[in-house]
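> any chance you could fold what I've pasted below:
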Amino acid sequence: MSPRGGGGGGRGETPMVPEAEFESYYGRQILKTPTWKTPDVPLYLFLGGLAGGSSLLAEGAALQDLPALERVARGAAAAGAGIGTVFLVHDLGRPERFLNMLRVFKITSPLSVGSFILAPFSALSTAALGSHLTGRLPRLGRLSGVGAAAFGPPLATYTAALITNTAVPAWHEGHREMPFIFGGSGAAAAGGLAMALAPVSQSGPAKRMALAGAAIDLAGVELMNRRLGMLAEPYEQGKSGRLMKTARALTVTGVGLSLLGRRSRFARAVAGAAYVAGSVTLRFGIFEAGLASARDPKYVVVPQRERLEKRAAEQRKVTGGVTGSSSPTA
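Residues are numbered from 1 along each chain as shown. Predicted coordinates:
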């Protein structure tokens, strides 16, 4: 992923997003578009959410003695983390860059924190899956599963902090809702995959997770778009807008089939596939919306101008209040 400059420190860490670089004015692009690879980065964002949600689902299945559901969820958690790491390394260009990120921990760097979430999660989820499949070292397997579940929510949501901690307008201004969107979408994908692959008799928890995740995802996107005003345009127009609308339609389809086709194995499988497809498409939509907002200078200039005008109005109000309170009385 493209580097983001930051203040000092962290030798060996390859940052993700560049500092805002001013190229030109008067209608031409101001921010330098992040040079992230597609589909590497959107798929990495998706797989982190899938893996994190699946780790929680697997632990819930273990507590309820649902071995078939646990097997599917543990497999999804381990595979999602492993494949996601492959996409991350491919985007970084060289494997040693990822290893270098593990040399220094920086609490102020989302990339550094994320690396120290992804690495232990991958190890723990793989150990839990291996123990479940072989039946060996059951205590170690259970402890590994609990550990993976503890890292699951941070893994599913840290990528939201990663992209919003940039100068890209559509990402940065969505910082309030983005963690909920990513977490909800990850839960919907995890539940959906388990609905499609696990027996109907054991897929109840997966269905409930998918429904809850979908509700959080859909509500988060709606609230974000309402709050962003003009900056919501990249999420509603052009290629990114079409992707976001498709993601919403797929997720709503999953919800509808989950509620209407309760006892149908086929309906549950299709609903699960819709949840997964909606989650993937959402990540591509958010990714493209960010790039679109970086290309158009109005998404940089207009919000800055509005903030300056608001600040000036507040200062005038304060100044006027002070002047009025100090006026001589008769």
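
> touching stretch 55-62 from outside, list them.
By C-beta atoms under 8 Å, 6 or more residues apart in numbering, the surrounding residues in contact with stretch 55-62 are 67, 69-70, 73-74, 77, 121, 125, 128, 142, 145-146, 148-149, 151-153, 155, 187, 190-191, 194, 202, 205-206, 209. Bear in mind the C-beta positions are built from the backbone N, C-alpha and C, glycine included.

> in helices only, show me those residues.
Members of these lying in helices (criterion: DSSP state H): 67, 69-70, 73-74, 77, 121, 125, 128, 142, 145-146, 148-149, 151-153, 155, 187, 190-191, 194, 205-206, 209.

> drop anything exposed from the residues you listed.
69-70, 73-74, 77, 121, 125, 128, 145, 148-149, 151-153, 155, 187, 190-191, 194, 205-206, 209 (16 or more other C-beta atoms under 10 Å).

> burial count for residue 163?
Counted with other C-beta atoms under 10 Å, residues neighbouring residue 163 total 26.

> kindly report the same for residue 265.
Neighbour tally, residue 265, other C-beta under 10 Å: 13.

> that one and residue 201: what is the separation?
As for residue 265, its distance to residue 201 is 10 Å (criterion: C-beta to C-beta, to the nearest Å).

> can you tell me the closest non-neighbouring residue to residue 98?
Among residues not flanking residue 98 along the chain, residue 89 sits closest, at 5.1 Å (C-beta to C-beta, 6 or more residues apart in numbering).

> quick check: the one you found touching residue 100?
No - counting by C-beta atoms under 8 Å, residue 89 does not reach residue 100; the two are 11.6 Å apart.

> buried residues in the lengthiest helix in the chain?
Using DSSP H, we find that the single longest helix of the chain is helix 265-295. The neighbour-count check on helix 265-295 (16+ other C-beta under 10 Å) flags 267-294 as buried.

> how about stretch 93-106?
Under 16+ other C-beta under 10 Å, the buried positions of stretch 93-106 are 97-98, 100-101, 106.

> quick check: end-to-end length of that stretch?
For stretch 93-106, the first and last residues are 22 Å from each other (C-alpha to C-alpha, to the nearest Å).

> from memory residue 281 sits against residue 242, does it?
No - at 9.6 Å, residue 281 does not count as touching residue 242 under the criterion of C-beta under 8 Å.

> low-confidence ranges in the stretch 201-330 of the chain?
306, 320-330 (pLDDT under 70).

> contacting residues for the residue nearest the centre of the chain?
The residue lying closest to the centre of the chain (C-alpha atoms, centre = their mean) is residue 182, at 3.5 Å. Taking C-beta under 8 Å, 6+ apart, we find residue 182 in contact with 45, 49, 156-157, 159-160.

> in strands, which of the residues you listed fall?
When DSSP state E is applied, the contacts of residue 182 are split such that none fall in strands.

> just the residues you listed: which are in helices?
45, 49, 156-157, 159-160.

> what about residue 36, which SS state?
When classified by DSSP: H, G, I helix; E, B strand; the rest coil, residue 36 comes out as coil.

> test my guess that it contacts residue 92.
No - at 10.6 Å, residue 36 and residue 92 do not qualify as touching, with contact defined as C-beta under 8 Å.

> and residue 30, how far from residue 302?
In terms of C-beta to C-beta, residue 30 sits 11 Å off from residue 302.

> between these two, which is the more surrounded one?
residue 30 (21 against 15).

> return the distance of that one relative to residue 314.
26 Å.

> need the contact list for residue 80.
Applying C-beta under 8 Å, 6+ apart, the residues near residue 80 are 47-48, 50-51, 54.

> just send those back as CSV, with pLDDT, neighbour count and distance to residue 220 too.
What follows is these, written out as CSV (pLDDT from 0 to 100; neighbours: other C-beta atoms under 10 Å; distance: C-beta to C-beta, whole Å):
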residue, pLDDT, neighbour count, distance to residue 220
47, 98, 28, 19
48, 97, 32, 17
50, 98, 30, 17
51, 98, 31, 20
54, 98, 34, 20
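
> from those residues, which is closest to residue 224?
residue 48 (19.4 Å; C-beta to C-beta).

> correct me, but the closest one touches residue 154?
No - at 9.7 Å, residue 48 and residue 154 do not qualify as touching, with contact defined as C-beta under 8 Å.

> identify the contacts common to the two.
Common neighbours of residue 48 and residue 154 (C-beta under 8 Å, 6+ apart) do not exist.

> measure residue 256 to residue 249 for me?
10 Å.

> oops, could you answer that again for residue 144 instead?
38 Å.

> which one of those two has more residues nearby?
In this view residue 144 and residue 249 are compared by other C-beta under 10 Å, and residue 144 has more residues nearby, 22 against 14.

> quick one: contacts for the more buried one?
Counting by C-beta under 8 Å, 6+ apart, residue 144 makes contact with 124-125, 127-128, 131.

> what do you get if the cut-off is 7 Å, keeping everything else the same?
124, 127-128, 131 (C-beta atoms under 7 Å, 6 or more residues apart in numbering).
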